[in-house]
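1. Sequence plus predicted model, see below.
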Amino acid sequence: MNLDDIRADIDRIDARILALLTERMEKALITRRFKTSTLDSAREQQVLERVTRASRGILDPEFSAGLYRQLMAESKRIQEAGPETVAFQGAHGAYSEAALLHLKPDAVGIPCQEFSDVFEGVEKGIYDYGLVPVENTLGGLVGPVNSILIYTRLTIAAAIDMPIRHCLLTLPGTDHRELRTVWSHPQALAQCRNFLHRNRLEPVPHFDTAGAARELAETRPKRVAVVAGKFAAELYGLEIVKEDIQDSPNNRTRFFLVSAKKEAAEGEKCSVVFTAGDKAGSLFAVLRLFAEENINLTRIESVPDTPGKYAIFIDFEGALASEHVQRAVHKARETTDDFRILGCYKEMRVQE
């Protein structure tokens with residue numbers, strides 16, 4: 001062991017400390033939903049007593065208590081500021097969080113393990129919104145999200161369409177010639193297949209692109225790179241070896257911002273879902289209703305629902321309050337089963 005090795009260990013520890021500090025502040029912000037006041041003297045005293053008892057060896061109890069007093073003061077400041085919270089699936093630095101920075105730059109993104117956790121948290125009022133990917137130009141439908149959209153009571157408050165630009169990331173100072181393996185989400189690895197093959201890099205699946213970047217920053221293994229976005233690189237202090245390594249330049253993902261409350265301002269695009277059986281011409285009959293009103297459809301997708309039935313998603317241009325949209329929606333509701341309006345919203349398109 002030498003000085004560089006020790007400093008590398010300290011860097012690993014610092015990365016974990018910062019990640020835990022962020023998570024602690026996020027949890028503190030969420031607790032505000034369950035309290036009548038930000039001040040809870042009894043709880044603060046419990047925390048300080050526990051921290052003091054647990055401080056042993058080189059760690060001075062007074063130092064630990066002082067540090068936690070600062071942490072709790074910052075927690076109360078954040079709670080009193082009351083920023084909006086937006087849940088997303090994955091780790092900090094995910095493409096969903098990058099989309100959130102465009103859509104709601106002042107909101108606080110809260111990472112969740114599963115898409116179902118995002119929807120459930122918004123439904124229970126734990127989070128103000130959820131931001132979920134719906135479709136990708138290369139990968140198609142995001143199946144788990146669309147399956148939940150069939151039955152959720154949440155509404156679509158906004159949408160954003162954003163380019164997905166994959167980068168090859170490494171630890172600073174890594175000799176690129178020594179790289180052997182690349183971690184990332186299976187879909188991201190598949191979208192960079194040609195680049196990885198050309199550079200003789202072995203793909204290793206990971207649950208999340210940003211999660212792979214975080215693990216690289218925290219564990220600092222040798223000869224390993226990750227595929228993730230520029231936002232993840234900035235967040236975890238990683239070096240961008242090469243940008244735009246995806247095989248196709250036309251790689252975009254569309255996200256929905258979902259909410260438990262109806263937005264006051266109505267947008268210019270609408271989403272609906274309904275079920276259709278396997279009867280010939282049943283879908284065509286619905287599509288014709290919109291065509292007769294000169295309504296432009298921007299998305300038509302089917303997702304298996306129950307045996308013999310499919311949930312049909314349709315997005316179209318137009319305000320829900322307009323007469324021709326009202327006529328089409330009224331006729332479609334009479335023609336289909338389980339017809340439901342998911343939302344009428346504004347959509348942002350992020351350019352390259």
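-> Sure, I can see it.

2. hey, which helix or strand in this structure has the poorest pLDDT?
-> strand 140-141 (a mean of 84; mean pLDDT, DSSP states H and E).

3. In this structure, which strand is the longest?
-> Longest strand in the chain by number of residues (criterion: DSSP state E): strand 337-349.

4. buried residues in that one?
-> 339-340, 342-345, 347 (16 or more other CB atoms under 10 Å). In short, each C-beta sits where N, CA and C put it, glycine included.

5. where along the stretch 1-150 of the chain do the helices fall?
-> Using DSSP state H, counting those that start in this stretch, the helices of the stretch 1-150 of the chain run over 3-31, 41-54, 61-81, 95-103, 115-123, 143-149.

6. what's residue 270 in contact with, if anything?
-> 315-316, 318-320, 325, 341-345 (CB atoms under 8 Å, 6 or more residues apart in numbering).

7. try 7 Å this time
-> 315-316, 318, 320, 341, 344 (CB atoms under 7 Å, 6 or more residues apart in numbering).

8. One more: residue 137?
-> By CB under 7 Å, 6+ apart, the contact list for residue 137 reads 250-252.

9. Make sure residue 146 is actually in contact with residue 303.
-> Yes - counting by CB atoms under 7 Å, residue 146 touches residue 303, with 4.9 Å between them.

10. So which residues of the stretch 101-250 of the chain form strands?
-> All strands of the stretch 101-250 of the chain, identified by DSSP state E, counting those that start in this stretch, fall at 108-112, 129-136, 140-141, 155-163, 167-170, 181-184, 202-205, 224-228, 239-243.

11. most packed of those?
-> strand 224-228 (a mean of 28; mean count of other CB atoms under 10 Å).

12. Going by contacts, tell me the helices and strands next to that one.
-> When contacts are defined as 3 or more CB pairs under 7 Å, 6 or more residues apart in numbering; DSSP states H and E, strand 224-228 packs onto strand 167-170, strand 181-184, helix 209-219.

13. strands paired with that strand, and their directions?
-> strand 167-170 (antiparallel), strand 181-184 (parallel) (DSSP bridges).

14. which one of the contacts of residue 137 sits closest to residue 32?
-> residue 252 (35.7 Å; CB to CB).

15. per-residue pLDDT, the closest one?
-> On pLDDT, residue 252 comes in at 93.

16. Excluding residues flanking it in the chain, which one is nearest it?
-> residue 137 (4.8 Å; CB to CB, 6 or more residues apart in numbering).

17. Just the pLDDT at residue 93, thanks.
-> pLDDT, residue 93: 95.

18. Would you check that it makes contact with residue 232?
-> Yes - under the criterion of CB under 7 Å, residue 93 is in contact with residue 232, at a separation of 3.4 Å.

19. what do the two both touch?
-> In contact with both residue 93 and residue 232: 210, 213, using CB under 7 Å, 6+ apart.

20. buried ones in stretch 20-38?
-> 25-26, 28-30, 32, 38.

21. Could you export these to JSON lines, including columns for pLDDT and distance to residue 187?
-> Below are the buried residues of stretch 20-38 laid out as JSON lines (pLDDT from 0 to 100; distance: CB to CB, whole Å):
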{"residue": "25", "pLDDT": "94", "distance to residue 187": "30"}
{"residue": "26", "pLDDT": "94", "distance to residue 187": "26"}
{"residue": "28", "pLDDT": "91", "distance to residue 187": "33"}
{"residue": "29", "pLDDT": "93", "distance to residue 187": "31"}
{"residue": "30", "pLDDT": "92", "distance to residue 187": "29"}
{"residue": "32", "pLDDT": "86", "distance to residue 187": "35"}
{"residue": "38", "pLDDT": "81", "distance to residue 187": "41"}
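
22. which two from these end up farthest apart in space?
-> 26 and 38 (15.3 Å).

23. I'd like the distance between residue 216 and residue 93.
-> According to CB to CB, to the nearest Å, residue 216 and residue 93 sit 11 Å apart.

24. the more surrounded of the two?
-> Each of residue 216 and residue 93 has its neighbours counted (other CB atoms under 10 Å); residue 93 has more, 28 against 24.

25. Residue 24 versus the more buried one, what's the distance?
-> Separation of residue 93 from residue 24 (CB to CB): 18 Å.

26. Count the neighbours of residue 352 for me.
-> Using other CB under 10 Å: residue 352 sits among 7 other residues.

27. swap in residue 309?
-> Neighbours of residue 309 (other CB under 10 Å): 14.

28. Kindly report the same for the one 4 residues further on.
-> For residue 313, the neighbour count with other CB under 10 Å is 21.

29. Tell me where the model's unsure across the stretch 251-352 of the chain.
-> Residue ranges of the stretch 251-352 of the chain with pLDDT under 70: 264-265, 277-281.

30. give me that answer again for 90
-> 261-268, 275-286, 302-310, 320-321, 334-338, 351-352 (pLDDT under 90).

31. where along it do the helices fall?
-> So, for the stretch 251-352 of the chain - with DSSP H, counting those that start in this stretch - the helices run 282-292, 323-335.

32. hang on, the earlier thing: for residue 158, find the nearest of the helices of the stretch 1-150 of the chain.
-> helix 95-103 (6.2 Å).

33. Next, the angle from that closest one to strand 224-228.
-> Angle, helix 95-103 to strand 224-228, by axes from the mean of the first three to the mean of the last three CA atoms, to 10 degrees: 40 degrees.

34. now for helix 95-103, which elements pack on it?
-> By 3+ CB pairs under 7 Å, 6+ apart, helix 95-103 packs against strand 85-89, strand 129-136, strand 155-163, strand 252-259.

35. Alright, that wraps it up for me.
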